[in-house]
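Peer 1: okay, predicted coordinates and the sequence, questions at the end:
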Amino acid sequence: MRIAIYGTGGVGGYFGGRLAEAGEDVTFIARGEHLAAIQRDGLSVKSVAGSFHVAVQATDDPATVGEVDCIILAVKAWQVTDAVEAMRPMIGPGTFVVPFENGVEAADQIAAALGERHAVGGLCGILAYRDAPGHIVHAGVDPFVRFGERDNRPSERLEALKACFERARGVQAEIPDNINVAIWSKFLFICAMSGIGAITRAPIGVCRQLPQTRHMIEQMLDEIYQVGRARGVALPDNAVPQAMKFIDALPASGTASMQRDIMDGRPSEMESQNGAVVRLGEASGIATPINALVHAALLPQELAARGETPST
């Protein structure tokens with residue numbers, strides 16, 4: 001199977017690196033100093049699951065790659081639309097795109113741009129980031145990937161991808177019975193973790209320990225759950241306590257990528273996370289006051305990071 005990794009940050013670098021380490025045919029799409037370092041020195045991953053270094057194929061031009069069987073999309077959620085357009089030279093009749101995004105809308109965006117047959121549902125779990133050009137750090141969470149056809153039908157192409165991941169170390173791969181439930185279950189905890197971390201600037205260990213911020217996390221989780229159920233996602237009755245259990249098990253020093261981007265003054269995934277909860281809630285008639293508060297509080301800085309601050 002020919003696999004392209006579109007986006008070589010913490011997520012794409014780790015999971016793509018593990019596939020390359022296992023001998024799979026993987027090409028990375030990267031850019032700038034990061035690309036130059038990978039082409040010159042290879043990709044280095046410092047991991048709590050076992051560090052490694054691997055020489056890989058990498059480029060900033062999808063047209064030089066040719067058609068591939070699978071594209072793992074690992075850019076920021078707000079970059080999905082542009083990335084899907086740029087990857088068109090790698091799309092053949094049977095190519096499928098697996099989004100490892102933090103939001104719940106990426107597969108819809110892929111299907112709208114490329115056609116339903118090219119889109120599948122996907123998600124991942126990991127605490128990882130790019131530490132320096134050519135260097136990825138996996139700091140926590142037992143890494144997992146989950147993917148499935150959007151209608152949950154059996155899929156030979158996804159079984160083939162699962163087999164690729166099963167040959168790699170440091171990754172647990174699964175095709176869940178219902179990919180939409182899996183995506184929203186992940187969205188529950190990452191959106192709440194991102195939101196509380198972004199407005200407090202504190203690691204998750206502090207936020208889950210203080211009664212006031214813990215209550216905010218629980219309120220955000222409940223709002224997200226209600227929105228998902230209103231949109232027809234069959235989230236189980238225990239989805240909120242399960243999400244809180246996951247948050248309680250995270251390393252105390254853990255921070256979400258959205259939080260780190262906001263703290264560093266970079267554009268973030270806010271509109272695809274807490275903003276999406278507000279937007280989808282309004283469309284479904286579900287009130288989301290805590291997520292709306294988080295979104296409103298962060299909006300001025302987000303606009304500034306994007307160079308869109310309203311004139312005064």
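Peer 2: Right, received. Where do you want to start? These figures come from a predicted structure and were not determined experimentally.
Peer 1: list the contacts for the most centrally placed residue in the chain?
Peer 2: A centroid search over the chain (CA atoms, centre = their mean) returns Glu101, at 2.6 Å, as the residue closest to the centre. When contacts are counted by CB atoms under 8 Å, 6 or more residues apart in numbering, Glu101 touches Leu73, Ala74, Val75, Ala77, Val80, Gly122, Leu123, Ser272. Every C-beta, even on glycine, is put in place using the N, C-alpha and C of the backbone.
Peer 1: quick check, nearest of those residues to His135?
Peer 2: Using CB to CB, Ala74 comes nearest to His135 of the contacts of Glu101, at 16.3 Å.
Peer 1: now do the helices in the stretch 201-312 of the chain.
Peer 2: Counting by DSSP state H, counting those that start in this stretch, the stretch 201-312 of the chain has helices at residues 204-209, 211-230, 239-249, 257-263, 274-284, 289-305.
Peer 1: and those as JSON lines, adding mean neighbour count and distance to Ile179?
Peer 2: As requested, the helices of the stretch 201-312 of the chain are exported to JSON lines (neighbours: other CB atoms under 10 Å; distance: least, CB to CB, whole Å):
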{"stretch": "helix 204-209", "mean neighbour count": "18", "distance to Ile179": "26"}
{"stretch": "helix 211-230", "mean neighbour count": "19", "distance to Ile179": "13"}
{"stretch": "helix 239-249", "mean neighbour count": "17", "distance to Ile179": "15"}
{"stretch": "helix 257-263", "mean neighbour count": "20", "distance to Ile179": "22"}
{"stretch": "helix 274-284", "mean neighbour count": "20", "distance to Ile179": "18"}
{"stretch": "helix 289-305", "mean neighbour count": "17", "distance to Ile179": "23"}
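Peer 1: of those helices, which is nearest Ala20?
Peer 2: Closest among these, using CB to CB: helix 257-263, at 22.2 Å.
Peer 1: chain center to the closest one: distance?
Peer 2: 14 Å (CA atoms, centre = their mean, to the nearest Å).
Peer 1: which elements pack onto it?
Peer 2: helix 179-200, helix 289-305 (3 or more CB pairs under 8 Å, 6 or more residues apart in numbering; DSSP states H and E).
Peer 1: surely Gln301 is in contact with Asp264?
Peer 2: No. In this structure Gln301 lies outside contact range of Asp264 using CB atoms under 8 Å: 10.9 Å.
Peer 1: so what are the domain limits for this protein?
Peer 2: 2-177, 181-305 (automatic domain parsing).
Peer 1: okay if I get those as JSON lines plus mean pLDDT?
Peer 2: Formatted as JSON lines, the domains of the chain follow (pLDDT from 0 to 100):
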{"stretch": "domain 2-177", "mean pLDDT": "96"}
{"stretch": "domain 181-305", "mean pLDDT": "96"}
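Peer 1: what would the contacts of Glu101 look like in TSV with distance to Gly254 and secondary structure?
Peer 2: Conversion of the contacts of Glu101 to TSV gives the following (distance: CB to CB, whole Å; DSSP: H, G, I helix; E, B strand; the rest coil):
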residue	distance to Gly254	secondary structure
Leu73	24	strand
Ala74	19	coil
Val75	22	coil
Ala77	19	helix
Val80	24	helix
Gly122	22	strand
Leu123	18	strand
Ser272	20	helix
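Peer 1: what comes up buried for stretch 112-120?
Peer 2: By 16 or more other CB atoms under 10 Å, the buried positions in stretch 112-120 come out as Ala113, Leu114, His118, Ala119, Val120.
Peer 1: same check, this time on stretch 145-158
Peer 2: The neighbour-count check on stretch 145-158 (16+ other CB under 10 Å) flags Val145, Arg146, Phe147, Gly148, Glu149, Ser155, Leu158 as buried.
Peer 1: give me the subset of those lying in helices.
Peer 2: Residues of the buried residues of stretch 145-158 located in helices (DSSP state H): Leu158.
Peer 1: just the ones of the buried residues of stretch 145-158 in strands?
Peer 2: Using DSSP state E, the subset of the buried residues of stretch 145-158 located in strands is Val145, Arg146, Phe147, Gly148.
Peer 1: the third one against Leu158, yeah?
Peer 2: Translated: Phe147. Yes. Phe147 is in contact with Leu158 according to CB under 8 Å; the separation is 5.8 Å.
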